[in-house]
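K.L.:
3D model of this:
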Amino acid sequence: MASSSLTGKLETDVGIKAPPEQFHDMFGNKPHHVHHACNDKVQGCELHEGDWGTAGSVLSWNYVHDGEAKVAKVVAETIDPEKNAITFRVIEGDLKKEYKSFVVHIQASPNPNSEGGSIVHWTLEYERLHDAIAHPESLLQFAVDMSKDIDAHLTKGN
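P.N.:
Numbering: from 1, shown residues only. From the prediction side, this is the model:
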């Protein structure tokens, strides 16, 4: 099957000091505040359809990746406050120029080795349009860097 070599999944864990609920709240309920924590990476997030913090809402992210201003229009497929998990599916924007599908899963869990801290698990699932398109390792690093910036924002003064 030709498309199987085009599909991929990248995962990473990021240890942070903030509690899982706080990190999840930033993406699940207040994504329009993310740019306050990492304005060199994210310039803004606008609501197009639905309500903040609800599954099915459509958001548009303005961000800088690899030195270029980019846009990603996403639908929040799931927002699960019990599991501190959220899933975004890209439906329009720059990523669709290289990927047939692109889904981002984010889950924050208590870190058993850090009192009050969390492990943020990022999963990128994608299908490239063709073999010449690179796997999105740099986007996974972008997620790691963004997580650290958000953590510093959430824990400053603590």
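
K.L.:
C-alpha only now, for contacts and for neighbours.
P.N.:
OK.

K.L.:
Can you give me the buried ones in the longest helix seen in the chain?
P.N.:
Taking DSSP state H as the criterion, the chain has its longest helix at helix 137-155. Residues of helix 137-155 classed as buried: L140, A143, V144, M146, S147, K148, D149, I150, D151, A152, L154 (neighbour count, 16 or more other C-alpha atoms under 10 Å).

K.L.:
I'd like the mean pLDDT over it, please.
P.N.:
Helix 137-155 shows a mean pLDDT of 96 in the predicted model.

K.L.:
Please apply the same query to stretch 8-26.
P.N.:
Mean predicted lDDT for stretch 8-26 stands at 96.

K.L.:
Can you name the residues in contact with it?
P.N.:
The set of residues external to stretch 8-26 that reach it, using C-alpha atoms under 8 Å, 6 or more residues apart in numbering, is 33-34, 81, 84-86, 107-111, 114, 116-127, 135-137, 140, 144, 147-148, 150-151, 154-155.
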